[in-house]
Each structure stands twice: as C-alpha cells, then as structure tokens.
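Chemist: no FASTA, just this:
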C-alpha cells in the first residue's frame, strides 16, 4: 500500500525534517508511527497524500506520489486530520460526510445511503443533522472519521486520533479503529492507543526511522523509548 525509498523532505533548503526514509506498509496492516514532537510524523502523512513535495521515491496504492496521481491517491487514501475543525468545513454533519460522494457524482439516493452507513459505523447517526459548531470534541473526531469512511478508502492515515478526547470518546475511537478493515497508518503520542490498534510500530526520530518491529516488542522496551524521548504506555508502567 505504501512504499518509500530514500524519501527526504525539508521546509527549507538543506534543513531536512525527513531524511532517507525507506519502509513499506502491506495491505491489511495497521502500523503505528511514534516519535517525539517535531520529529516529522504529521509531515510524513501530508506527503503520502500529496500535500507536500519531496525528494526520493514514494508510491501509494501502487501509484507514484506525484501531481498527476494526486486525485486518485486521495480517493484511495483517507486522511483524518489532527484538528477536526480543519476537516469539518460545512455547516452540518451530513453535508460534510456527503461532500465526497457528491463530488464523485453519486445519485442523491446513493449519497444518502453512504452518509447513513458512514455515520452508523462510528455510532453517530443521531448527529446527522447537527450543526458542526454544536458538536463536542469527541463528536467532531467521530464525524471526521465518518467523512473519510464516506470516501470508501483502501487505506486510512490518522494524525493523533485521540488528541483532546475524554476517556469515553478515546475508547470509542479505539474500538472503531480496531473494527475498520482498511489498512491504517496511525501517528500518535498515545502509545496505549497504538498498542490497542496496531500490529507493527515505526519509531521516527531526527527525521529517520530509528526502530521498527512488533508493537509489543517496541512498546515494552523502556530503554528504546526513553532514548527517543518517549515513555512506556501506562499499562506497562
């Protein structure tokens, strides 16, 4: 689903945020991307959907990540932003969830079906007609996930999906992510969420993948985590 070969990126010339990244993600995998603030997690997700240019080689869903393929890649890969307010730009929940299906040229009946199914998958069908401005933080996150599901993506990229959530909504998001069949790359500081949702973990530091392996092996390794300014998940402390 994703293959990077010596990918590098810098916001300024000769000041690289990501340096010579090479790794792959297979179809059906759930992979966690962890690292301290400023290590480049969000930057990498943006590159994978064509929001930032880069050096090196990268493919997504067998397509080179380049301008001519951006539209197709964004249809195949759904990106859940860290800040839900940046994802929900219409006035009403159903309008946001129906935005992509409408632009795909679906019939009115098909749009309604997709909206209902997407909202039902995340448990907020009752919020269909709610104004986005009146949603709680947890409801906005669930609505953002529904927006992406309405695209029927093959893969999902999620940037800090538990950010700002209370314990109830955090657990709800974790359970939803565990049930969704899509391939996932989840960038998060919430290592307990990563433990619950991912089978493999990549550790990003100084713009490079410093370690990768089975989730339990990485997240139980206190010395490794502390080396890269991370702490053991709460369940292992």
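Modeler: Yep, it's here. Everything quoted here is computed from the prediction, not taken from an experiment.
Chemist: switch to C-alpha atoms for all contacts and neighbour counts from now on
Modeler: OK.
Chemist: any idea which helix or strand carries the residue nearest to the spatial centre of the chain?
Modeler: By C-alpha atoms, centre = their mean, the chain has its centre lying nearest to residue 158, at 1.4 Å. Element membership for residue 158, per DSSP states H and E: strand 155-159.
Chemist: list the contacts for the residue lying closest to residue 90 once chain neighbours are set aside?
Modeler: Of all residues not flanking residue 90 in the chain, residue 96 sits nearest, at 5.5 Å (C-alpha to C-alpha, 6 or more residues apart in numbering). Counting by C-alpha atoms under 8 Å, 6 or more residues apart in numbering, residue 96 makes contact with 88, 89, 90, 147.
Chemist: which parts of this protein are helices?
Modeler: All helices of the chain, identified by DSSP state H, fall at 41-48, 70-76, 93-97, 99-103, 108-121, 137-149, 167-179, 191-197, 215-219, 222-227.
Chemist: so how far is residue 129 from the residue nearest to residue 90?
Modeler: 11 Å (C-alpha to C-alpha, to the nearest Å).
Chemist: residue 207 too?
Modeler: 43 Å.
Chemist: which of the two has more residues huddled nearby?
Modeler: residue 207 (21 against 12; other C-alpha atoms under 10 Å).
Chemist: low-confidence ranges, the protein, go.
Modeler: Nowhere does the chain drop to pLDDT under 70.
Chemist: mind checking how far stretch 186-194 is from the chain centre?
Modeler: 11 Å (C-alpha atoms, centre = their mean, to the nearest Å).
Chemist: hmm, back to that, now render the contacts of residue 96 as a markdown table, adding distance to residue 233 and neighbour count.
Modeler: Output for the contacts of residue 96, formatted as a markdown table (distance: C-alpha to C-alpha, whole Å; neighbours: other C-alpha atoms under 10 Å):
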| residue | distance to residue 233 | neighbour count |
| --- | --- | --- |
| 88 | 31 | 21 |
| 89 | 34 | 12 |
| 90 | 37 | 14 |
| 147 | 30 | 28 |
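Chemist: so residue 151 makes contact with residue 75?
Modeler: Yes: with contact defined as C-alpha atoms under 8 Å, residue 151 reaches residue 75; the gap is 6.6 Å.
Chemist: out of these two, which sits in the busier spot?
Modeler: Counted by other C-alpha under 10 Å, residue 151 and residue 75 do not tie: residue 151 has more neighbours, with 21 against 18.
Chemist: what's the nearest residue to that one if we skip its chain neighbours?
Modeler: With C-alpha to C-alpha, 6+ apart, the residue lying closest to residue 151 is residue 100, at 6.0 Å.
Chemist: report the contact partners of that neighbour.
Modeler: Going by C-alpha under 8 Å, 6+ apart, the list of residues near residue 100 reads 147, 150, 151.
Chemist: over to residue 149?
Modeler: Counting by C-alpha under 8 Å, 6+ apart, the residues that residue 149 touches are 78, 118.
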